[in-house]
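A.B. asks: structure, please.
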Amino acid sequence: VVATGTGFADALAIGPAAFRMKFPVLLTTPDSLHAMTSAGLTALGIGRVILLGGTGAVSDAVKTAIEAMPGAITVTRIGGANRNDTAAKVADALTKDPLAGGLGTNAAFTGVNVGLASGVDAKGGADALAAAPYLGGTTLPGGTAATLLLTGSVPPETSAWLSTNKATVANLFAAGGTATISDADLTELKTAATVVAPTATITAVQGGTRYSVTFSEAMNPASAAAVANFKVDGANAAAAVYDASTKTTLVTPAAALTVGQTILVSGAATPDGRVVANTTLTIVADTTKPAVATIFAAADATTAYVKFNEQMSVAGGGSAASAIN
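C.D. replies: Model prediction:
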């Protein structure tokens, strides 16, 4: 790895990976390849260089000089718009991009573990430096190493990386005390990395032969209409129809709902695979009197139509005339 020696952030962003994969890290002046750096590349017999940072950190002149060295060294630049973006792109290279057989092929970095350290000049790079062997070691959950992102008033690049990869991120490790990463900033970063499951609202009444489930966001239509995702006391629904326009599934249970039965909604998922939080509703006695929603009768007609606000018994009792009255 070759990085600028006039700032600490880029070199430290790859610290855990350098430790885990035994990459030597050499420093250079930004505008030209330093003689000692060139000598180090030769002495180590380097065949490939990861050049860290944008052209403002390490110029293209440095890249050209390395490529012109004896031995045909291959140079790959990992650089962003700023130090925070560069750290995020290093994390991408470690967890996603195979880089033609390079960083991304190392199974040690899965994105499950993520380290956080200050990237602010005034705070120094001591925390990130001290944390590198720990983050790159084998003692973290799953034995996988942690990528290192930079923070300081929650940079948008850091927050965006965590949000984009939140399906993978399971653990955050903050290096340093609250003077370098405040509790408020850590909470904000944790929120960015947290997968938010969709929620469901169940509407059902005693005696109902159908009930509705309204989701908080758009769902995968097949998932939201799978009868196995809607159960009453463990029994699958007889039918389920999802309406994408209202994000609601109309469910037909195997039998009319009775007091004490429990409806369970589980397993339905969004198009990106986030599963709804398990939601239950226990049927209680319906003590609210039904009401007439609408009445329609045309002049000289022999039939009138009455719509109620809930399911009614077919055998309502009384004569047809008294019911109409």
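A.B. asks: what mean pLDDT does stretch 254-274 get?
C.D. replies: For stretch 254-274, the mean pLDDT works out to 94.
A.B. asks: sorry, that was for stretch 223-240
C.D. replies: 97.
A.B. asks: end to end on it, go ahead and measure it.
C.D. replies: 10 Å (CA to CA, to the nearest Å).
A.B. asks: again with stretch 139-156
C.D. replies: End-to-end distance (CA to CA), stretch 139-156: 29 Å.
A.B. asks: check the offset of that stretch from the chain's centre.
C.D. replies: Chain-centre distance of stretch 139-156: 15 Å, with CA atoms, centre = their mean, to the nearest Å.
A.B. asks: same thing with stretch 253-261?
C.D. replies: In this view, stretch 253-261 has its centroid 37 Å away from the chain centroid, taken as CA atoms, centre = their mean.
A.B. asks: just stretch 232-244 next, same as before
C.D. replies: That offset, for stretch 232-244, works out to 28 Å (CA atoms, centre = their mean).
A.B. asks: ditto for stretch 206-223
C.D. replies: Counting by CA atoms, centre = their mean, stretch 206-223 is centred 24 Å from the centre of its parent chain.
A.B. asks: that one: which residues count as buried?
C.D. replies: Using 16 or more other CB atoms under 10 Å as the test for burial, stretch 206-223 gives 206, 208, 210-211, 213, 215, 219-220, 223. C-beta here means a position set from N, CA and C on the backbone, and glycine is covered the same way.
A.B. asks: check stretch 69-76 too.
C.D. replies: Here stretch 69-76 shows 73, 75 as buried, counting by 16+ other CB under 10 Å.
A.B. asks: for the record, mean pLDDT for it?
C.D. replies: 92.
A.B. asks: the stretch 101-250 of the chain: strands as residue ranges?
C.D. replies: 109-118, 145-151, 171-174, 200-203, 211-215, 230-232, 235-236, 239-243, 248-252 (DSSP state E, counting those that start in this stretch).
A.B. asks: got the angle for the longest one vs strand 145-151?
C.D. replies: It refers to strand 109-118. Strand 109-118 runs at 30 degrees relative to strand 145-151, counting by axes from the mean of the first three to the mean of the last three CA atoms, to 10 degrees.
A.B. asks: only alpha carbons, please: show strand 109-118 as PDB.
C.D. replies: What follows is strand 109-118, C-alpha atoms only, in PDB (Å, rounded to 0.1, in the frame of the first residue of the first chain):
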ATOM      1  CA  PHE A 109     -13.800  -9.100   5.400                       C
ATOM      2  CA  THR A 110     -17.500  -9.700   5.000                       C
ATOM      3  CA  GLY A 111     -18.900  -6.400   6.200                       C
ATOM      4  CA  VAL A 112     -20.400  -7.900   9.300                       C
ATOM      5  CA  ASN A 113     -17.900  -6.100  11.500                       C
ATOM      6  CA  VAL A 114     -17.200  -2.400  11.000                       C
ATOM      7  CA  GLY A 115     -14.800  -0.200  12.900                       C
ATOM      8  CA  LEU A 116     -15.200   3.500  13.400                       C
ATOM      9  CA  ALA A 117     -12.500   6.000  14.200                       C
ATOM     10  CA  SER A 118     -12.000   9.800  14.000                       C
END
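A.B. asks: that'll do, ta.
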